[in-house]
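1. need coordinates for the below:
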Amino acid sequence: MFPDLPADQIPRASVSAVAQWDSLATLNLVGVLEEEFQIRFGADDLPSLLSFELIRDRLSERVYAPNA
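-> Below is the predicted model of the structure:
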């Protein structure tokens, strides 16, 4: 998604910290996550997908609690 982002910076990645992370990047990232984890995010999920930490937390909720 962000090929120029060093691996050690990924855990701190967020919309405010990564210049290339804009709304289109968020939508592309959501598409990749949905395909990889076989889940669907709704429009109400988008505000909670603005950092690596928030995405990790939301994925944990969705993958380990599929009815969420």
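2. for this structure, give me the ranges with low pLDDT.
-> Scanning the chain for pLDDT under 70 picks out 66-68.
3. so which bits of the helix ranked longest in it are buried?
-> Scanning the chain for the longest helix, with DSSP state H as the assignment, gives helix 23-37. Residues of helix 23-37 classed as buried by neighbour count (16 or more other C-beta atoms under 10 Å): Thr26, Val30, Leu33. Backbone N, C-alpha and C define where each C-beta goes, glycine included.
4. just the CA trace of it, in PDB.
-> Listed next in PDB are the C-alpha coordinates belonging to helix 23-37 (Å, rounded to 0.1, in the frame of the first residue of the first chain):
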ATOM      1  CA  SER A  23      -9.000   9.100   1.200                       C
ATOM      2  CA  LEU A  24      -8.300   7.200  -2.000                       C
ATOM      3  CA  ALA A  25      -5.500   5.300  -0.200                       C
ATOM      4  CA  THR A  26      -8.000   4.500   2.600                       C
ATOM      5  CA  LEU A  27     -10.500   3.000   0.100                       C
ATOM      6  CA  ASN A  28      -7.800   1.000  -1.600                       C
ATOM      7  CA  LEU A  29      -6.500  -0.300   1.800                       C
ATOM      8  CA  VAL A  30     -10.100  -1.200   2.700                       C
ATOM      9  CA  GLY A  31     -10.400  -3.200  -0.500                       C
ATOM     10  CA  VAL A  32      -7.200  -5.100   0.100                       C
ATOM     11  CA  LEU A  33      -8.200  -5.800   3.700                       C
ATOM     12  CA  GLU A  34     -11.700  -7.000   2.700                       C
ATOM     13  CA  GLU A  35     -10.100  -9.400   0.100                       C
ATOM     14  CA  GLU A  36      -7.400 -10.700   2.300                       C
ATOM     15  CA  PHE A  37      -9.600 -11.300   5.400                       C
END
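5. for Pro3, the count of nearby residues, please.
-> When neighbours are counted by other C-beta atoms under 10 Å, Pro3 registers 5.
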